[in-house]
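S.K.: Would you be able to build a 3D model of this:
(2 chains)
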Protein chains: 2
Amino acid sequence: MSSLHPFDHATLLDACGEGRLKAQTSDAYWNMVGPFGGLVAAVLFKAAHADARRQGEPLSLTVNFCAAVAKGVMEIVARPARTNRSTQHWTMEMRQGGECVATATAMFGTRPATFEHRPLAMPEATAFANLKRLPPPGPGWIERFDMRFADGPPAWDRPSHAPASAQSLLWIASDPPRALDFVGLAALCDIFFGRIIHVRQRMVPFGTVSMTAYFHATETDLAMQGFAPVLGKADARVFDRGYHDQTAELWGTDGRLLATSHQLVYFRDPA
Amino acid sequence: MSSLHPFDHATLLDACGEGRLKAQTSDAYWNMVGPFGGLVAAVLFKAAHADARRQGEPLSLTVNFCAAVAKGVMEIVARPARTNRSTQHWTMEMRQGGECVATATAMFGTRPATFEHRPLAMPEATAFANLKRLPPPGPGWIERFDMRFADGPPAWDRPSHAPASAQSLLWIASDPPRALDFVGLAALCDIFFGRIIHVRQRMVPFGTVSMTAYFHATETDLAMQGFAPVLGKADARVFDRGYHDQTAELWGTDGRLLATSHQLVYFRDPA
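M.R.: This next block holds a predicted model:
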């Protein structure tokens, strides 16, 4: 067990029957009042992805964070809702003490060779090696990622003036290093701080309530990415009445868009 | 029945017990091989939204289109997965002949007054009245919407040269006119043609496989919008190995972002 990467340890699934699994929360990926949301997403995704019935490459994942996850056992139910010739749809749910704490859906499918077109180019950013690592504000999940902001770093305690930019551009690498796979990519889709922090430049209560990731890479692409840092870009369009949207891109070092992530984020910041 | 708007007729739900509903497909919103996807989304959304147990304003909706929907009865199961003090999560599924044809989740919640910030402004567009209506290419759902392209109209049969722009900007109004509500807004989130058509400038087989909508408006905002046309903007970032992403905005006439929509779209267009 001790030789396992902490992420692989934190996403270990214990099968209790077909499509019935148990996982354990991990202090290594703990956030302030629950696990790092990306870990909850990764565990739910893995419940479908690692199932022997799963067919095809990952295409989409939606996770609804219904309630704070407490330390201890997470029970997951995962079932294929529909299997077609070239696509498969899954439904997942996470429970604690008989109560639903997260719902999720995922889609898998074959990726045939087709017309290919990439209207959006990878953003330019100062190289990973030439940037400083974000000092972790405390123990837990932030220590598990070497995050280096090329633009739009968070500011936790500046006086509130006019809203600052909602956009961030940062390199992300696992700490300790870990080769990228789809379970890791699912977690990275939730790695971005709520844009409200960047706009307000101070801490306010926030949390992702729903996340949808689209996977544009294949297993082969991720194997090529390996241990190299991923470039992330995040932005938001509207902050209003307790919620803001959030859209993110995760780019591979060869300029390939690995995944896009979309989130609805709750915040409490009085008018 | 004859006084009902065709959209309200097409989204009629017949309760067969708590959270068990039936709807009927409608020729007025038929697409080539199934109902207009926005109608399937609207029916699934309404199954939760119109339920007496629903609490709060609509916040998010994810619909996975698992299989073609055949003409006839659509059976819907909708259940609140988790009810919190200020948020509620729903899980829905649509079945035909015992087989799952769509899965969905939705989130509702209170919208307290908070810090408000809108980094993205409404795009400028030629006025609705000064644009020509898209000639419907055939009967069915496209006749139910008065779509007027200010930029990036579809081209169905141009010879294939270099990829064209994936971006469209268009006004959308119901035909016959209908005041906007959340069920209607859920349908509008899927109104945009697959970006592959715009890029290739010719018809290729395509279909949305997963859609996630975030609602930034409230019931009051939609009441103010009323019968006025909505401005829609759609774009895509990557077309690769059978799928492309798609992101859309739906703007109210007062410059308010009513909803954002994110899609994964299947296409078959050999390399």
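
S.K.: where's A:Arg213, which helix or strand?
M.R.: Slight slip there: residue A:213 is Ala, not Arg. Using DSSP states H and E, A:Ala213 sits within strand A:206-215.

S.K.: partners of that strand in the sheet?
M.R.: Within its sheet, and counting by DSSP bridges, strand A:206-215 is paired with strand A:57-65 (antiparallel), strand A:257-267 (antiparallel).

S.K.: out of those, deepest packed?
M.R.: Greatest average neighbour count among the strands paired with strand A:206-215 goes to strand A:57-65 (a mean of 27), per mean count of other Cβ atoms under 10 Å in any protein chain shown. Every C-beta, even on glycine, is put in place using the N, C-alpha and C of the backbone.

S.K.: Looking at the strands paired with strand A:206-215, spot the one closest to A:Ala127.
M.R.: Smallest distance to A:Ala127 across the strands paired with strand A:206-215 (Cβ to Cβ): 18.5 Å, for strand A:257-267.

S.K.: show me what contacts A:Trp90?
M.R.: Shown in contact with A:Trp90 (Cβ atoms under 8 Å, 6 or more residues apart in numbering or on different chains): A:Ala48, A:Arg54, A:Ala78, A:Arg79, A:Pro80, A:Ala81, A:Thr105, A:Ala106, A:Met107, A:Phe108.

S.K.: Let's see which of the residues you listed end up in strands.
M.R.: A:Ala78, A:Arg79, A:Pro80, A:Ala81, A:Thr105, A:Ala106, A:Met107, A:Phe108 (DSSP state E).

S.K.: Kindly give the local confidence score, pLDDT, for the fourth one.
M.R.: I take that to be A:Ala81. A:Ala81 carries a pLDDT value of 98.

S.K.: OK, contacts around it?
M.R.: Going by Cβ under 8 Å, 6+ apart, the list of residues near A:Ala81 reads A:His89, A:Trp90, A:Thr91, A:Thr105, B:Asn64, B:Cys66, B:Glu93, B:Cys100, B:Thr103.

S.K.: secondary structure class for A:Pro123?
M.R.: coil (DSSP: H, G, I helix; E, B strand; the rest coil).

S.K.: what phi and what psi does the backbone show at it?
M.R.: Backbone geometry at A:Pro123, expressed as degrees, to the nearest 10, gives phi -70, psi 150.

S.K.: Of the strands paired with strand A:206-215, which is nearest A:Thr220?
M.R.: Comparing the strands paired with strand A:206-215 by Cβ to Cβ, strand A:57-65 comes nearest, at 9.4 Å.

S.K.: Go ahead and measure how far that closest one is from the middle of the chain.
M.R.: 10 Å (Cα atoms, centre = their mean, to the nearest Å).

S.K.: which of the contacts of A:Trp90 count as buried?
M.R.: A:Ala48, A:Arg54, A:Ala78, A:Arg79, A:Pro80, A:Ala81, A:Thr105, A:Ala106, A:Met107, A:Phe108 (16 or more other Cβ atoms under 10 Å in any protein chain shown).

S.K.: right, and out of the ones in strands among the contacts of A:Trp90, which lies closest to A:Ala248?
M.R.: A:Ala106 (18.2 Å).

S.K.: For the stretch 1-150 of chain A, which segments count as strands?
M.R.: In the stretch 1-150 of chain A, the strands defined using DSSP state E, counting those that start in this stretch lie at A:14-15, A:20-24, A:57-65, A:73-83, A:87-96, A:99-109, A:145-151.

S.K.: partners of the fourth one, with directions?
M.R.: If I follow you right, that is strand A:73-83. strand A:20-24 (antiparallel), strand A:87-96 (antiparallel).

S.K.: Measure how that strand sits relative to strand A:99-109, angle-wise.
M.R.: 40 degrees (axes from the mean of the first three to the mean of the last three Cα atoms, to 10 degrees).

S.K.: same question, the last one
M.R.: In this structure, strand A:145-151 runs at an angle of 70 degrees to strand A:99-109, with the same axes, to 10 degrees as the basis.

S.K.: Show me where the stretch 101-250 of chain A dips below the pLDDT cut-off.
M.R.: A:137-139, A:160 (pLDDT under 70).

S.K.: related to what we said a few turns ago, what's the closest of the strands of the stretch 1-150 of chain A to A:Met203?
M.R.: So among those, strand A:145-151 is nearest, using Cβ to Cβ, at 16.9 Å.

S.K.: distance between the closest one and the chain's centre?
M.R.: The answer for strand A:145-151 is 15 Å, by Cα atoms, centre = their mean.

S.K.: Tell me the buried residues in the very next helix or strand once past it?
M.R.: The helix or strand immediately downstream of strand A:145-151 is strand A:168-174, counting by DSSP H and E. Across strand A:168-174, burial judged by 16+ other Cβ under 10 Å covers A:Ser168, A:Leu169, A:Leu170, A:Trp171, A:Ile172, A:Ala173, A:Ser174.

S.K.: do the same with stretch A:111-122
M.R.: A:Arg111, A:Thr114, A:Phe115, A:His117, A:Arg118, A:Pro119, A:Met122.

S.K.: cool, and stretch A:153-165?
M.R.: A:Pro153, A:Pro154, A:Pro163, A:Ala164.

S.K.: can you list the residues of the stretch 101-250 of chain A near chain B?
M.R.: A:101, A:103, A:105, A:107, A:109-120, A:163, A:165-166, A:196, A:199-200, A:209-210, A:212, A:214, A:216, A:218, A:235-243, A:245, A:247, A:249 (Cβ under 8 Å from any Cβ of the partner chain).

S.K.: circling back: so which of the strands of the stretch 1-150 of chain A is nearest A:His5?
M.R.: Nearest to A:His5, of the strands of the stretch 1-150 of chain A and by Cβ to Cβ, is strand A:145-151 at 12.7 Å.

S.K.: In this structure A:Val218 contacts B:Arg241, no?
M.R.: For residue A:218 the amino acid is Thr, not Val. Yes. If you go by Cβ atoms under 8 Å, A:Thr218 and B:Arg241 touch, sitting 7.1 Å apart.

S.K.: does chain B sit close to the top helix by length along chain A?
M.R.: For chain A, the helix reaching the highest residue count under DSSP state H is reported as helix A:37-49. No. Using Cβ under 8 Å from any Cβ, helix A:37-49 stays clear of chain B, with a minimum separation of 12.2 Å.

S.K.: for that helix, what is the average pLDDT?
M.R.: 98.

S.K.: In CSV, could you pull the C-alpha coordinates for it?
M.R.: What follows is helix A:37-49 as a C-alpha-only set of coordinates in CSV (Å, rounded to 0.1, in the frame of the first residue of the first chain):
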residue,chain,number,x,y,z
GLY,A,37,-14.1,18.1,-5.2
GLY,A,38,-11.9,16.7,-8.0
LEU,A,39,-11.3,13.6,-5.9
VAL,A,40,-15.1,13.0,-5.5
ALA,A,41,-15.4,13.4,-9.3
ALA,A,42,-12.5,11.0,-9.9
VAL,A,43,-13.9,8.4,-7.6
LEU,A,44,-17.3,8.6,-9.3
PHE,A,45,-15.7,8.5,-12.7
LYS,A,46,-13.5,5.6,-11.8
ALA,A,47,-16.5,3.6,-10.6
ALA,A,48,-17.8,3.5,-14.2
HIS,A,49,-14.4,3.6,-16.0
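
S.K.: orientation of that helix relative to strand A:99-109 in degrees?
M.R.: 60 degrees.

S.K.: Mind listing what's buried along helix A:37-49?
M.R.: Neighbour count says helix A:37-49 has A:37-49 buried, by 16+ other Cβ under 10 Å.

S.K.: Let me have those residues in TSV, adding distance to B:Met74 as columns.
M.R.: What follows is the buried residues of helix A:37-49, written out as TSV (distance: Cβ to Cβ, whole Å):
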residue	distance to B:Met74
A:Gly37	33
A:Gly38	35
A:Leu39	36
A:Val40	32
A:Ala41	30
A:Ala42	34
A:Val43	32
A:Leu44	27
A:Phe45	29
A:Lys46	32
A:Ala47	28
A:Ala48	25
A:His49	30
